[in-house]
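K.L.:
Need coordinates for the below:
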Amino acid sequence: MKDILPTRTNRQATTPRFQRINEEPSSPWVLFAYLAISMCYFSLVLLRDPSQGYLGYPSDPALFTWALAWWPYAIAHGLNPFLTRMLWAPVGYNLTWTTSVPALSLLISPITYLLGPLVSFNLLSLIAPALDAWAAFLLCRLIGAGCSSAFVGGYIFGFSPYVIGQVLGGHLHLTFMMWIPLAVYLCIKKSRGEMAAARFAVFFALVAVAEFLTSTEVFATMTMMGTIAFLIIFAVGDGELRHRLIGLFEALCVAYLIAGAVLSPFLYYVFAFPQKPIAAGFFYNAGFARLVAPTADLLLSPYQLTALAHHHFASLDRGDLVETGLYLGPAALVLVFRFASRQWHSWHCRALLITLGLAWILALGAYRSVHGLQLPLPWSVFRRLPLIGDALPVRLSLYGYLSLAIVVALAIDDLQTLTSRTCAAILTIAFFIPAMWFTNRVVTQIDMPGFFASDLYKSQLHKGAVVLGVPIDQSMIWQARTGMYFRLAEAWTGGIPREVGRDNFIPPFPTDGSAPQPELLRSFIARTDATAVIVDSKSSAAAFDLQPILCVPKLEIGGVVLYRLPAPNLEKCLACTITNPTAQTKYQ
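P.N.:
This next block holds a predicted model:
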């Protein structure tokens, strides 16, 4: 076998169509088309004012918005960007153990400087699906699909239920997945002999670093699934292919060494100051039915069709959409079976379908209950491994969608007539179109209080003051808006510092909206040396009068309720501590 995916330019050649490649250059209009699709799906509401809200459900986007402002700020002011004292003051927080997206923060920093972190977050959320689709399109083109077929493949990956769900969840680190198709693209180029080993090592290291600094979880699963796919191809390929794969493996080792050297400062803080993530590998797994049952946000799902039949827009809970499994769709499923029946003799087909099936099986999680029996699944082995075991198995469906995108692109290209290819492309995309009237409404409006929108906060707080802000997610956006003027005693970071104690920590303001416990609130303020409590006047917490608890008057100013805590009152009123070793945090 001469090449790892032989190419032919003649569409009438006798070799299988999946081995052919259209040598015409990829047109920039494909990227613009993906961007237009993304804008139609997500931005119709945001276009009014992208600085007054963010795309996605509440809470989680606050961390990414804050992180987009933090990394440029820390570097510009000579601060340690990995350990911040701005959150969870006074102990601080290790940002290498949360989704702080340093790569995206630095890439978008000029926009953040000019227009603010909210605009940067919305822009990244908007372009991420388009760039994911573009990268998958380039990969499909490289392995032999025509331009129109590759467009369908790129769409399936970039606008899959996985990516759409993560966009709506506000998970910026899980929507910017263009690095994965680019990594596969580079491996194929190297295996074909079209890229020198040194050049490949440098470019692959750059992609690996970019993925690591976007999502350490995806970097780990990318490495794991890449290793599995490598072994599958090695097993089904012939002798010449295996020889080429050995050369690829050597170059990959060099690339990972380069990436490790570049990432060494980050890795130092990962292992020197470990944190325990809240989510672990046994949470969030896919279901068997999801393979053929559309997610509720898709246009042709029974949920949306029923809502349309009753002439109303369907509303969905966040949990129904964000973490979903692998969905094929009827048209794509037919193409997969046709591709398997016609091309199973080829190692390309076997490798792609085995990888697709394995990604689905791993996404099912560690165990399945059948008639009361707990049956172990392959993920039960991986979840025992260090670091990788903390990954959410349902997110491995991402690699299933990439395999599906390639299979569909090659299967459509293998159809004999233009009419059949056109119909297959339209039907395949139709089952992956989201309900745009729904996706465009998943926008969280941020009504920035005038206290922070102007310089009013400077007259009430001294620089570096420790503040307990409520709601805690919006308080991070307030802090970013003021240029890190004050520090936060509590933050929405996806984890709790070891010094605070995750297992015995209770939020001072309960997340269920109930009234704060006086002793708990006073104890928290005493431990954190907070000098102010600031509550958004429009939040439910503003209904609770904290004057009897804090022994200080409240000041309603600039859209917030401010409780200033001078030192004498701290000594007088905060001489109360409480510990509860059995309490569990309510953070998710």
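K.L.:
count of neighbours near Glu556?
P.N.:
Glu556 has 11 neighbours, counted by other Cβ atoms under 10 Å. Every residue, glycine included, has its C-beta placed from N, CA and C.
K.L.:
where do the strands sit along the stretch 401-550 of the chain?
P.N.:
Ranges of strands in the stretch 401-550 of the chain, per DSSP state E, counting those that start in this stretch, are 443-445, 466-470, 487-488, 532-536.
K.L.:
Could you export the last one as CSV, CA atoms only?
P.N.:
Spelled out, that is strand 532-536. Extracted in CSV, the C-alpha atoms of strand 532-536 (Å, rounded to 0.1, in the frame of the first residue of the first chain):
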residue,chain,number,x,y,z
ALA,A,532,-18.2,44.1,52.3
VAL,A,533,-21.2,42.0,51.3
ILE,A,534,-22.8,43.1,48.0
VAL,A,535,-26.1,41.7,46.8
ASP,A,536,-27.7,42.4,43.4
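K.L.:
Give me the residues contacting it.
P.N.:
449, 451, 460-461, 465-471, 474-475, 478, 486, 525, 541-542, 546, 550, 559-565 (Cβ atoms under 8 Å, 6 or more residues apart in numbering).
K.L.:
Wait, Leu364 touches Trp379, no?
P.N.:
Yes: here Leu364 reaches Trp379: they are 7.0 Å apart, a contact under Cβ atoms under 8 Å.
K.L.:
ok so, going back, so which of the strands of the stretch 401-550 of the chain is nearest Ser514?
P.N.:
strand 466-470 (13.0 Å; Cβ to Cβ).
K.L.:
Now do the closest one against strand 532-536, angle only.
P.N.:
20 degrees (axes from the mean of the first three to the mean of the last three Cα atoms, to 10 degrees).
K.L.:
Could you tell me the least trusted of the strands of the stretch 401-550 of the chain?
P.N.:
In terms of average pLDDT, strand 443-445 trails the rest of the strands of the stretch 401-550 of the chain, at a mean of 83.
K.L.:
Would you indicate which residues of it are buried?
P.N.:
Using 16 or more other Cβ atoms under 10 Å as the test for burial, strand 443-445 gives Val443, Thr444.
K.L.:
Apart from its chain neighbours, what residue comes closest to Leu427?
P.N.:
In this structure, Leu427 finds its nearest non-sequential neighbour in Ala331, 3.9 Å apart by Cβ to Cβ, 6 or more residues apart in numbering.
K.L.:
Of all residues in the chain, which one is nearest the centre?
P.N.:
Centroid-nearest residue in the chain, with Cα atoms, centre = their mean: Leu174, separated by 1.6 Å.
K.L.:
Give me the distance between it and Met225.
P.N.:
15 Å (Cβ to Cβ, to the nearest Å).
K.L.:
so where is the stretch 251-400 of the chain shaky, pLDDT-wise?
P.N.:
Residue ranges of the stretch 251-400 of the chain with pLDDT under 70: 276-289, 310-320.
K.L.:
ok, back up a step: tell me which of the strands of the stretch 401-550 of the chain sits nearest to Phe157.
P.N.:
strand 443-445 (24.4 Å).
K.L.:
which other residues reach the closest one?
P.N.:
Counting by Cβ under 8 Å, 6+ apart, Val45, Leu46, Gln52, Gly53, Tyr54, Leu55, Gly56, Tyr57, Pro58, Pro61, Gly170 sit against strand 443-445.
K.L.:
The helix ranked longest in the chain: how far from the chain's middle?
P.N.:
Ordering each helix of the chain by length in residues (DSSP state H) puts helix 117-142 first. How far helix 117-142 lies from its chain's middle: 12 Å, per Cα atoms, centre = their mean, to the nearest Å.
K.L.:
Then stretch 143-156?
P.N.:
24 Å.
K.L.:
Run a quick check on Phe234 versus Leu245, I expect a contact.
P.N.:
Yes: counting by Cβ under 8 Å, Leu245 is a contact partner of Phe234 at 5.4 Å.
K.L.:
Determine the next helix or strand in the C-terminal direction from the helix or strand encompassing Arg342.
P.N.:
Per DSSP states H and E, Arg342 falls inside helix 330-343. Reading on from helix 330-343 to the C-terminus, the next helix or strand found by DSSP H and E is helix 347-363.
K.L.:
so which strand or helix has Val202?
P.N.:
helix 197-212.
K.L.:
brain fart, Thr306
P.N.:
With DSSP H and E as criterion, Thr306 is part of helix 302-309.
K.L.:
Buried residues in that helix, which are they?
P.N.:
For helix 302-309, a neighbour-count test (16+ other Cβ under 10 Å) marks Tyr303, Gln304, Ala307 as buried.
K.L.:
again, but for stretch 149-164
P.N.:
So, applying 16+ other Cβ under 10 Å, buried residues of stretch 149-164: 149-164.
K.L.:
now swap in stretch 64-76 and tell me
P.N.:
So, applying 16+ other Cβ under 10 Å, buried residues of stretch 64-76: Phe64, Thr65, Trp66, Ala67, Leu68, Ala69, Trp70, Trp71, Pro72, Tyr73, Ala74.
K.L.:
what's the spacing between it and its chain's center?
P.N.:
When C-alpha coordinates are averaged (Cα atoms, centre = their mean), stretch 64-76 and its chain have centres 18 Å apart.
K.L.:
Same check on stretch 34-42?
P.N.:
18 Å.
K.L.:
Okay, buried residues for it please.
P.N.:
Buried residues in stretch 34-42, defined by neighbour count with 16+ other Cβ under 10 Å: Tyr34, Leu35, Ile37, Ser38, Met39, Tyr41, Phe42.
K.L.:
Stretch 344-361 too?
P.N.:
347-356, 358-361.
K.L.:
With stretch 45-55 instead?
P.N.:
Quick answer for stretch 45-55 (16+ other Cβ under 10 Å): Val45, Leu46, Pro50, Gly53, Tyr54, Leu55.
K.L.:
how about the helices in the stretch 401-550 of the chain?
P.N.:
418-430, 436-439, 450-453, 456-460, 472-481, 518-528, 547-550 (DSSP state H, counting those that start in this stretch).
K.L.:
If you count contacts, what does the third one end up packed against?
P.N.:
Helix 450-453 is packed against helix 456-460, helix 472-481, strand 560-564, with contacts defined by 3 or more Cβ pairs under 8 Å, 6 or more residues apart in numbering; DSSP states H and E.
K.L.:
before we move on, back to that, give me whichever of the helices of the stretch 401-550 of the chain is most buried.
P.N.:
helix 472-481 (a mean of 24; mean count of other Cβ atoms under 10 Å).
K.L.:
Can I get that one as PDB, trimmed to CA atoms?
P.N.:
Extracted in PDB, the C-alpha atoms of helix 472-481 (Å, rounded to 0.1, in the frame of the first residue of the first chain):
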ATOM      1  CA  ILE A 472     -21.600  34.400  43.200                       C
ATOM      2  CA  ASP A 473     -21.500  33.700  39.500                       C
ATOM      3  CA  GLN A 474     -22.400  37.300  38.500                       C
ATOM      4  CA  SER A 475     -20.000  38.600  41.100                       C
ATOM      5  CA  MET A 476     -17.200  37.200  39.000                       C
ATOM      6  CA  ILE A 477     -18.400  39.200  36.000                       C
ATOM      7  CA  TRP A 478     -18.600  42.300  38.200                       C
ATOM      8  CA  GLN A 479     -15.000  41.700  39.200                       C
ATOM      9  CA  ALA A 480     -13.900  41.300  35.600                       C
ATOM     10  CA  ARG A 481     -15.800  44.500  34.700                       C
END
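K.L.:
Give me the residues contacting it.
P.N.:
Applying Cβ under 8 Å, 6+ apart, the contact partners of helix 472-481 are 58-60, 62-63, 65-66, 68-70, 86-87, 116-118, 446, 448-449, 452-453, 467, 469, 485-488, 490-492, 507, 509, 534, 536, 539.
K.L.:
Select the helix or strand of this structure having the lowest average pLDDT value.
P.N.:
In the chain, no helix or strand scores lower on mean pLDDT, DSSP states H and E than helix 567-573, which sits at a mean of 48.
K.L.:
ok, which stretches of the stretch 1-150 of the chain are strands?
P.N.:
Using DSSP E, counting those that start in this stretch, strands in the stretch 1-150 of the chain cover 53-55, 83-84, 93-94.
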